[in-house]
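Engineer: pasted the sequence and its predicted model underneath.
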Amino acid sequence: MNQSSKSDKRKEKEPAYESYDQYFQEKKRKLEQQNSCTLKSNIFYGLVFHVNGYTNPPLTTIRDLVCEHGGRYAQYLSREVTHIVCTNLPMAKLKLLKQSDVIIKPEWILDCIKKGGLVDEKPYRVYEHNSLNNQKTLVLPTASRTPVAHAERESRIDASDPNFVAQFYQNSRLHFLSLWKNELKEFTAEFLKNKKDNIHGAYKVILHVDMDSFFVSVALKDRQNLIDKPVAVGHSTRDGKESNKLDSSSDLASCNYVARQFGVRNGMMLQKALKLCPGLIVLPYEFEKYREISRKFYTVLFKYADNIQAVSCDEAFLEINSKLNDDSKETVYDICENIRKDIRDICEVNASIGAGPNMLIARLATKKAKPNGQHYVTKEEIKDFIKDINVKDLPSVGYAHGSQFETMGIETCSQLEQLTISELQKIFGIKQGELFYNYCRGIDSRELINTHERKSIGAEINWGIRLNEKSKVESFFRNLSKEVSERLISSSLSGKLLTLKVKCRKRDAEQPRKHMGHGWCDDISKSHEFSRPVFEENVIFTQVIKMYNGLHLAPEDLRGAGIHFQKLVDIKNAKGKNHMRFCLDQKKLDFSNMKKREINNIKKNNKNEVEIISSSDIPKHSPEKNPSKQKAFQKLSPKGKPPFKPLITLTQKFKPRKLFSDVIELSDSDDTINLNIDILSSQSHTQTQNYLIYPDLDGFVDESEIKSRLKQWVDYFKDEGPLDIDKRTIFTYFSELFDSKNLDLVRKYFCYLKRLINEIESEKWPSFLTELENQLQLMSINNYGSKLLLNP
DNA sequence: ATCCTCCCCTAC
DNA sequence: TAAGGTAGGGGAGGAT
């Protein structure tokens, strides 16, 4: 797939497109054909209605009315439905609706027709959305009939909503592309590991296999009637029948070769594509299918590959040396034919193959092979082949380097060849310069990379961010921190180096061309190295907020953010300089294959539970109370000091702690806990739940807030003493403070806690205080070689 | 010299 | 409406 912002820049002539009148006539004709109804007006254009239950007038009348006035009727409650018509909707069904669904009474349709245009929906609504808690509340019959401005009508979730992150990723093609790439790298690594093997052969030919306009091809599998029409895939569709959204800023992920003849390109905005090609049909994404076919594609490739490098869901490099008796065109084309036939049979999608003595040539040959073809460039042909290649088609020449070449007046590889290596290095840097020097001569020494070791992991969202208050920005960062934490856990990783990326609206940036896009921004990034590998949501969030606040940006200027980790460590081996051990003998939580929607469903059903087993070797008492264990530790510890007892366990992090009663219930089962999916979903950490009685301190910076939470906690448990789980939370909190060298606060909060505990005069609390003090002193000795002055 | 931080660039 | 992600390579310039 080609994300060509390049092509956006090119000037293309604009064919005259249909006027609205022409379009209206055409649509009228089509509609009359389809529904055998006369089009009387177009007031419901773009709206899709679904009728639920008994209505007055009945369903058939509503259907006809809607169609006669330019709308569409959907028999099922599908994705494209914009309006649900009913007089009464049962709660069960209500829960299945998406936030944006409008539920109205049939009278609205009648009144619209009577008035000859859309009238305000609000008085006709059956339910009112409440974006805060995602619940719908019944509109009382006495609801006021004050008209509301059209724009105000839709209250959407914003980026501070706990569902925003999941919803965004669910719809992001780029996210899926990245996700699958990773999966497929793992998939190929696995395949090669199990392969007993004869990679070697006398002849070396590399194949570059690429499925033709993948997303569209998948869409057309079941729509053969559209195969010779211009077709693209993107959001903003009406099931392919009416893609006439002339002002849509949605991106087309993929377009077929018919559409390309009109000048339509991958990555182009729909509005521009429609100008070039008014008849363009836009079909919706089908992410599940892509993933499935991608898997099949790779299984076919495995059949032929001696070696394989995954490039993306529709593209890979192959080495087929052992299948070659010579490197003649006949031999290579034979194999290519077979591979392409297999792909066609199994995936029902056409593939093209480029072949050559190295990766560069194979890749460039694919361009010649497409669509649905193959092209092999032999060693002998390289020189001739490369000379007319456009430099912009070379790998690692994108927008920036391309423009650079353009200003230099360089178009083809033979022109590029005139430059010396040092000239190139002066312009592009040492490595890039050398690379281009070689590429324009057809030289490429890269070998297939098929090992898969991650060097970084992260999450980033640069769309839909319009937040006008500090608290909303913080919620967004909490949700993003949670996402990153989940990703770390699901790949069993923790990381030491955190990087925060922020997009900030430029001072005089215009309204972005893309709806809810980031527009023209300054990119800022800050990194922080933790003293130990980290994976916990709260720790990430706290640090992120600290760094973000240091930037002093106005909330309304935030346009996007990313949180990334480098210096990754297996979560089981996560070991800090304090010898804090994270005994996480956990089952791998793998959500990478589970779509967010599935998670939400599980959450709703409340039936499925994922089990996490925390290690049984976590010492439950401080080392002093357990001499035998202490000895064992002394043997292992280089300095002869006992390591700290583990402060962080999954038990602590993931216990459902929504309500106080939950805490009591669960505090007994310490070794094996049931992790309700709910905990991983967004609701669990709402900051405003003041009914929580547990010391949730992470993420709060305000001193009085921390103190009041501590007081609340101590007060609540003053008779029965602190729960183990809460003790650990406090230990963690203090060690985080300590790690961030906030010794003043450590001292302050410790003293405050001490005072609280002295005040309540309970027998159960002082031992906790001693434990905490011991912890802190041990950490201090380990870090600074001396004790901490805790008592003023 | 070599490392680190903050960028930018590229690919799909 | 719309969903502009993400991992990795690399460079400039300052700190060590």
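Structural biologist: All right, it came through fine. Residues are numbered from 1 along each chain as shown, chains lettered A, B, ... in the order given.
Engineer: in chain A, which helix or strand is least confident?
Structural biologist: helix A:660-666 (a mean of 21; mean pLDDT, DSSP states H and E).
Engineer: tell me the pLDDT of the residue in chain A that DNA strand B sits nearest to.
Structural biologist: The nearest approach of chain A to DNA strand B comes at A:Gly398, 2.4 Å away (Cβ to the nearest atom of the strand). C-betas here are computed from N, CA, C, even on glycine. For A:Gly398, the pLDDT comes out at 96.
Engineer: around the residue of the stretch 451-600 of chain A found nearest DNA strand C, how many other residues sit close by?
Structural biologist: Residue nearest to DNA strand C within the stretch 451-600 of chain A (Cβ to the nearest atom of the strand): A:Gly517, separated by 2.1 Å. When counting by other Cβ atoms under 10 Å, one arrives at 17 neighbours for A:Gly517.
Engineer: do the same with the one 3 residues further on
Structural biologist: Counted with other Cβ under 10 Å, residues neighbouring A:Trp520 total 16.
Engineer: list the contacts of it.
Structural biologist: Applying Cβ atoms under 8 Å, 6 or more residues apart in numbering, we find A:Trp520 in contact with A:Arg505, A:Lys506, A:Ala509, A:Glu510, A:Pro512.
Engineer: ok, A:Phe405 next?
Structural biologist: Neighbouring residues of A:Phe405 by Cβ under 8 Å, 6+ apart: A:Val391, A:Lys392, A:Val397, A:Glu411, A:Leu416.
Engineer: what about 7 Å?
Structural biologist: The contact partners of A:Phe405, taken as Cβ atoms under 7 Å, 6 or more residues apart in numbering, are A:Val391, A:Lys392.
Engineer: name the nearest residue to A:Pro57, ignoring sequence neighbours.
Structural biologist: A:Pro106 (6.3 Å; Cβ to Cβ, 6 or more residues apart in numbering).
Engineer: my bad, should have said A:Phe287
Structural biologist: Among residues not flanking A:Phe287 along the chain, A:Phe176 sits closest, at 5.4 Å (Cβ to Cβ, 6+ apart).
Engineer: doesn't the one you found fall inside a helix?
Structural biologist: Yes - under DSSP: H, G, I helix; E, B strand; the rest coil, A:Phe176 falls within a helix.
Engineer: element containing A:Ser414?
Structural biologist: Assigned by DSSP states H and E, A:Ser414 belongs to helix A:413-416.
Engineer: one step back: count of neighbours near the residue nearest to A:Pro57?
Structural biologist: 21.
Engineer: and for A:Lys122?
Structural biologist: Neighbourhood size, A:Lys122 [other Cβ under 10 Å]: 19.
Engineer: and the gap between it and DNA strand C?
Structural biologist: Plainly put, A:Lys122 is 15 Å away from DNA strand C if you go by Cβ to the nearest atom of the strand, to the nearest Å.
Engineer: which parts of chain A belong to which domain?
Structural biologist: For chain A, the structural domains run A:26-124, A:176-379, A:457-574, A:703-784, going by the TED database.
Engineer: tell me where the stretch 401-550 of chain A has strands.
Structural biologist: Here the stretch 401-550 of chain A has its strands, by DSSP state E, counting those that start in this stretch, at A:456-461, A:493-505, A:521-534.
Engineer: quick check: residues of chain A near DNA strand B?
Structural biologist: Remark: the part of chain A in contact with DNA strand B comprises A:1-3, A:174, A:177-178, A:181, A:311-312, A:314-315, A:363, A:395-402, A:497, A:499, A:523-527, A:529, using Cβ under 7 Å from any atom of the strand.
Engineer: now, of those, which are buried?
Structural biologist: Among the residues of chain A next to DNA strand B, those classed as buried by 16 or more other Cβ atoms under 10 Å are A:1, A:177, A:181, A:311-312, A:314-315, A:363, A:397, A:401-402, A:497, A:499.
Engineer: related to what we said a few turns ago, Throw the contacts of A:Trp520 into TSV and include distance to DNA strand C, thanks.
Structural biologist: Converted to TSV, these look like this (distance: Cβ to the nearest atom of the strand, whole Å):
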residue	distance to DNA strand C
A:Arg505	10
A:Lys506	12
A:Ala509	10
A:Glu510	11
A:Pro512	4
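Engineer: what's the helix holding A:Ser414 packed up against?
Structural biologist: With contacts taken as 3 or more Cβ pairs under 7 Å, 6 or more residues apart in numbering; DSSP states H and E, helix A:413-416 sits against helix A:382-387.
Engineer: would you mark the buried spots in the helix it packs on?
Structural biologist: Buried residues in helix A:382-387, counted by 16+ other Cβ under 10 Å: A:Ile382, A:Phe385, A:Ile386, A:Lys387.
Engineer: what's near enough to touch the closest residue to the third one other than its chain neighbours?
Structural biologist: Counting by Cβ to Cβ, 6+ apart, A:Gly442 is the residue found nearest to A:Ile386 once chain neighbours are left out, at 4.2 Å. For A:Gly442, the contacting residues are A:Leu360, A:Ile361, A:Ile382, A:Lys383, A:Ile386, by Cβ under 7 Å, 6+ apart.
Engineer: can those go into a markdown table with extra columns for distance to DNA strand C and pLDDT?
Structural biologist: As requested, the contacts of A:Gly442 are exported to a markdown table (distance: Cβ to the nearest atom of the strand, whole Å; pLDDT from 0 to 100):
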| residue | distance to DNA strand C | pLDDT |
| --- | --- | --- |
| A:Leu360 | 14 | 98 |
| A:Ile361 | 19 | 98 |
| A:Ile382 | 22 | 97 |
| A:Lys383 | 25 | 96 |
| A:Ile386 | 20 | 97 |
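Engineer: and those, which two are furthest apart?
Structural biologist: For the contacts of A:Gly442, the maximum inter-member distance is 13.4 Å, found between A:Leu360 and A:Lys383 (Cβ to Cβ).
Engineer: could you list the low-confidence segments of the stretch 51-200 of chain A?
Structural biologist: A:53-55, A:67, A:74-81, A:88-101, A:127-155, A:197-199 (pLDDT under 70).
Engineer: which parts of the stretch 401-550 of chain A are helices?
Structural biologist: Counting by DSSP state H, counting those that start in this stretch, the stretch 401-550 of chain A has these helices, from start to end: A:413-416, A:421-428, A:430-439, A:470-490, A:537-551.
Engineer: any chance of those in TSV, plus mean neighbour count, distance to A:Ile293 and mean pLDDT?
Structural biologist: Shown next, in TSV, are the helices of the stretch 401-550 of chain A (neighbours: other Cβ atoms under 10 Å; distance: least, Cβ to Cβ, whole Å; pLDDT from 0 to 100):
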stretch	mean neighbour count	distance to A:Ile293	mean pLDDT
helix A:413-416	19	35	97
helix A:421-428	15	38	95
helix A:430-439	18	32	96
helix A:470-490	21	24	97
helix A:537-551	20	35	96
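Engineer: would TSV of those helices with distance to A:Arg72 be doable?
Structural biologist: Below are the helices of the stretch 401-550 of chain A laid out as TSV (distance: least, Cβ to Cβ, whole Å):
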stretch	distance to A:Arg72
helix A:413-416	52
helix A:421-428	53
helix A:430-439	51
helix A:470-490	35
helix A:537-551	43
